[in-house]
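Participant: Structure of the sequence below:
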Amino acid sequence: MKNKKLPVSACIIVKNEEENILKCIESLITVVSEIIVVDTGSEDQTLDLIRQKNLKVYSYEWNDNFSDARNFSIKLATKPYVFIIDADEVVDHTTISEMNRYISEEQTIPGTVIVQSEVSNGKTVSSSVTRLFPNKVDFSYKGNIHEQLWFKNKPVSTLCSTNLVLRHYGYNKNQLVSKNKFHRNLFLLKKELELNGESPYINFQIGQSYYVNEEYHEAIVYFDNAIKSIPNFADAPKYVSTIFLSYGYCLMKTTQFDRLDHLINEATEYYRDFTDLYFLYGSSLIERKDETKFINVKEVFEFCLYLGEPSKILYETVDGVGTFLSLFNLGVYYEVMNNFDLAIKFYKKSSDYGFEPAIQKVKQFNLFVD
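Facilitator: Numbers count the residues shown, from 1 in each chain. Reported below is the predicted structural model:
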């Protein structure tokens with residue numbers, strides 16, 4: 001029973017994914033009953049690598065529309081459930097029971113998974129994304145890029161949350177540059193914006209593309225457009241919390257601290273338990289290099305520890321803001337204040353989570369980690 005494959009069709013769209021595709025397939029091959037691979041024009045070794053795994057590859061002529069390609073792939077699926085995964089993602093096998101639970105409950109509504117993305121600064125960002133759904137003709141995708149799942153011509157609103165984890169490597173800046181993803185995504189998003197007017201979601205995605213590419217001034221323009229076009233934050237879509245967070249980091253990176261303070265005050269009115277916002281504020285206090293502000297660092301990161309890690313289902317969050325990252329920053333605080341006993345204490349607590357910068361700090365203080 002343990003090795004029985006689940007009645008799931010995993011659908012993957014590929015183009016020039018020779019660096020990633022084998023890891024993706026190998027994470028699926030013992031788990032799902034069917035793997036559907038749709039190629040949109042690979043010119044590297046991607047197709048040869050897939051065929052080495054005895055998988056058939058279906059060809060689809062790329063038309064600058066991810067939804068069309070995605071819909072083509074799910075029409076090829078023959079199993080009762082569809083699982084969408086990208087070529088630069090792998091399934092965390094320690095969480096497979098979550099997929100099994102979703103199926104054993106005979107769910108009729110789509111399921112979310114947790115995508116953990118490695119980003120260039122060594123941190124991991126976790127977000128909840130809809131990837132599992134019953135294989136029914138009423139499900140389809142809409143949108144040229146950052147496509148959304150619809151049911152009977154309406155956006156999916158009712159979801160079943162799972163803790164199935166996918167590890168995503170595509171936000172690493174080296175990958176973005178090597179595949180020219182930034183310029184491709186920006187072209188498609190701006191094309192979508194022309195079709196959909198001042199859509200807050202598309203403005204957000206354009207801003208996010210600039211943010212990931214470290215073009216902070218450009219990102220601010222689109223985040224600001226997105227915020228201004230949302231009439232009521234109390235009933236706003238889930239992604240709005242991420243707009244505030246990314247917008248805030250752009251303001252910090254461009255040293256616009258007064259605007260940042262105003263933004264965080266506004267955001268925490270609606271997202272009081274979103275630890276990342278307070279962590280951002282604490283980080284900005286360090287960046288300001290202002291002694292009158294620095295004294296508040298301790299209180300802010302202690303509050304982050306009090307709140308703990310935010311819900312990965314509700315928020316896109318940086319792993320560690322409620323644990324090891326805040327512990328590390330408290331270590332920094334006490335080290336700057338020349339209280340080395342407390343600095344060591346917090347670095348040690350942070351290092352217990354395996355956080356490498358904290359481990360290095362502990363070594364600098366001539367301590368050893370088991």
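Participant: Go ahead and confirm residue 10 touches residue 86.
Facilitator: No - checked against CB atoms under 8 Å, the pair residue 10 and residue 86 is beyond contact range at 10.8 Å. All C-beta atoms are positioned from the backbone trio N, CA, C, and that covers glycine.
Participant: Which of these two has more residues huddled nearby?
Facilitator: The residue with more neighbours, out of residue 10 and residue 86, is residue 10; 27 against 18, by other CB atoms under 10 Å.
Participant: So which bits of the host helix or strand of that one are buried?
Facilitator: For residue 10, the element it lies in under DSSP states H and E is strand 6-14. Buried positions in strand 6-14, judged by neighbour count with 16 or more other CB atoms under 10 Å: 6, 8-14.
Participant: Apart from its neighbours in sequence, what residue is nearest residue 237?
Facilitator: Spatial nearest neighbour of residue 237, chain neighbours left out: residue 201 (7.2 Å); criterion: CB to CB, 6 or more residues apart in numbering.
Participant: one step back: who touches the next helix or strand after the strand holding residue 10?
Facilitator: Moving toward the C-terminus from strand 6-14, the next helix or strand (DSSP H and E) is helix 21-28. Identification of contacts with helix 21-28 by CB atoms under 8 Å, 6 or more residues apart in numbering yields 10, 12, 14, 17, 35, 46, 49-50, 53, 55, 85-91, 93.
Participant: Could you list the alpha-carbon positions for helix 21-28 in PDB?
Facilitator: Presented in PDB, the C-alpha positions along helix 21-28 are these (Å, rounded to 0.1, in the frame of the first residue of the first chain):
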ATOM      1  CA  ILE A  21      13.500  18.600 -15.400                       C
ATOM      2  CA  LEU A  22      15.000  15.300 -14.200                       C
ATOM      3  CA  LYS A  23      14.800  16.400 -10.600                       C
ATOM      4  CA  CYS A  24      11.100  17.300 -11.100                       C
ATOM      5  CA  ILE A  25      10.200  14.000 -12.800                       C
ATOM      6  CA  GLU A  26      12.100  11.900 -10.300                       C
ATOM      7  CA  SER A  27      10.200  13.500  -7.500                       C
ATOM      8  CA  LEU A  28       6.900  12.500  -9.200                       C
END
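Participant: between it and strand 6-14, how many degrees?
Facilitator: Orientation check (axes from the mean of the first three to the mean of the last three CA atoms, to 10 degrees): helix 21-28 against strand 6-14 gives 170 degrees.
Participant: which ones are touching residue 43?
Facilitator: Counting by CB under 8 Å, 6+ apart, residue 43 has contacts residue 16.
Participant: helix or strand for it, which one?
Facilitator: Applying DSSP H and E, one finds residue 43 in no helix or strand.
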